[in-house]
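Asks: For reference, the sequence and a predicted model appear below.
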Amino acid sequence: MRSLRLAAVAAVALALSACTTTSPKLAAAPAPAASVTVSSQFGDVTLPAEPQAALGMYTTDVDILIALGYPLAKEQPIRGDSGYTTFPSFFPQEALQGVTPFANYPDYNYEKILAASPDFILNGLGYDEKTHERLKEIAPTYSVNAFDGRSWMEHFKETAEALGRTQQYEAWMTTYRARVAEVKAAIGDKAKDTVVAPVGYWDGKVSSSCYSGVECQAFADLGLTVFPGAKKDNGDGVSLSGENLGQLSDIDIAFVIIGVGETGEKEFATMMDTLGRNKVWAALPFVKNNRIQTYEMEMTYGSPSGQLAFLDVIEKAFADA
């Protein structure tokens, strides 16, 4: 009997052992996709899911990459004119530590882009398909025409959605809304009955327009009164010859771009000297009252840091009033 019991115990143990060794293991979690396919204005493009060396084709693209949480390639483009030799002063400097700038506008430097060894390129200069074709030979490229007259913030949102970075976009929007509230409170009653506008000078004419949306978006978010001429023709605004500058007489504070360094200051001084010879310009209220507020040129082209920095410019303009 004892031998039968031992045999029975052994049989049960053997059966349990067999069940243990043949039971299926839990399925492992799938590995993250190495690449993703997204739609762009030039068709579907396949991009790395988690690039480690992203490059922005234009300066604003670099700032957008930072805001969306992309690790940067160790060399990045900047403007090569209006005094720029490094990144705009309002860019997040910590994120740019160890990153070397190189001039890539108005002339594109494809050799330097190649040498930067990017694994992903964000190209906001998508108005030229030839540029996109050149860039995609270097690295997977997502192109968008960020200068088509629409607000840069619309493009920013759409780019974040296409690239699966909506969480980062929403985080930035939260920061932006909080800063708008702070500046609005700081301005207070000073905004009452004050008309503001972007004012520029190009090719012998004075303009006021909403262009990429930076200035007019900030004005609107703060509840400021914007010069109606700047909003004409869907933000293309007005471009005025010397004898017609009286149309700007309702503007109380004019916001005018300036380049950087000695070059930027010289360009600005030359512009003001030229305009100062025009009696109509000299008679404008914002000129007579010294209510011209300058701001760094790169802000006007639209990027996350630029939009926030322009809020600082507005706050200063009203603080100095």
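Replies: Great, that's in hand.
Asks: Can you give me every residue that contacts the residue lying closest to K136 once chain neighbours are set aside?
Replies: Nearest residue to K136, sequence neighbours excluded (C-beta to C-beta, 6 or more residues apart in numbering): V45, at 7.5 Å. Using the backbone N, CA and C atoms, a C-beta is placed for each residue, glycine as well. Going by C-beta atoms under 8 Å, 6 or more residues apart in numbering, V45 touches 37-39, 136, 140-142.
Asks: One more: G242?
Replies: Contact analysis of G242 by C-beta under 8 Å, 6+ apart lists 204, 206, 278, 280-281.
Asks: out of those, who has the most neighbours?
Replies: Counting neighbours by other C-beta atoms under 10 Å, the top entry in the contacts of G242 is V206, with 25 neighbours.
Asks: Run a quick check on it versus G246, I expect a contact.
Replies: No. Contact criterion C-beta atoms under 8 Å: V206 and G246 do not qualify, at 11.0 Å.
Asks: Is the closest residue in space to I292 that isn't next to it in sequence within a helix or a strand, and which one?
Replies: Among residues not flanking I292 along the chain, A254 sits closest, at 5.1 Å (C-beta to C-beta, 6+ apart). Using DSSP states H and E, A254 sits within strand 253-258.
Asks: Which elements pack onto that strand?
Replies: Where contact means 3 or more C-beta pairs under 8 Å, 6 or more residues apart in numbering; DSSP states H and E, strand 253-258 is packed against strand 195-198, strand 200-202, helix 261-276, helix 285-288, strand 292-296, helix 304-319.
Asks: quick one: buried residues of the fifth one?
Replies: Residues 293, 295-296 are the ones in strand 292-296 that count as buried (16 or more other C-beta atoms under 10 Å).
Asks: can you check the third one too?
Replies: Buried residues in helix 261-276, counting neighbours by 16+ other C-beta under 10 Å, are found at 264, 267-268, 271, 275.
Asks: what residues does it touch?
Replies: With C-beta under 8 Å, 6+ apart as the test, helix 261-276 has contacts from 82-83, 85, 201, 206, 256, 258-259, 281-282, 294, 297.
Asks: List only buried entries from these.
Replies: Buried subset of the contacts of helix 261-276 (neighbour count, 16+ other C-beta under 10 Å): 82-83, 201, 206, 256, 258-259, 281, 297.
Asks: Do you have the helices of the stretch 1-150 of the chain handy? List them.
Replies: Using DSSP state H, counting those that start in this stretch, the helices of the stretch 1-150 of the chain run over 2-22, 59-67, 110-115, 129-136.
Asks: weakest of those by average pLDDT?
Replies: Confidence, taken as mean pLDDT, is least for helix 2-22 of the helices of the stretch 1-150 of the chain (a mean of 39).
Asks: these two touch, right, the residue nearest to I292 and N290?
Replies: No. A254 is not in contact with N290 according to C-beta under 8 Å; the separation is 10.5 Å.
Asks: In terms of neighbours, single out the busier of those two.
Replies: In this view A254 and N290 are compared by other C-beta under 10 Å, and A254 has more residues nearby, 24 against 8.
Asks: Quick one: residues contacting the more buried one.
Replies: Taking C-beta under 8 Å, 6+ apart, we find A254 in contact with 196-199, 248, 286-287, 291-293.
Asks: So for L245, what's the nearest residue that isn't a sequence neighbour?
Replies: Nearest one to L245, counting by C-beta to C-beta, 6+ apart, is V280 at 4.4 Å.
Asks: How about D236?
Replies: Using C-beta to C-beta, 6+ apart, the closest residue to D236 is S209 (5.6 Å).
Asks: Surely that neighbour and L240 touch.
Replies: No. Counting by C-beta under 8 Å, S209 stays clear of L240, with 11.2 Å between them.
Asks: Settle it for me: which of these two has more neighbours?
Replies: The neighbour comparison of S209 against L240 (other C-beta under 10 Å) goes to S209, with 23 against 18.
Asks: So for the more buried one, what's the pLDDT?
Replies: At S209, the model reports a pLDDT of 96.
Asks: and stretch 181-191, how far from the chain's centre?
Replies: Mean-position distance between stretch 181-191 and its chain equals 25 Å (C-alpha atoms, centre = their mean, to the nearest Å).
Asks: Repeat that for stretch 270-288.
Replies: For stretch 270-288, the distance to the chain centre is 32 Å (C-alpha atoms, centre = their mean).
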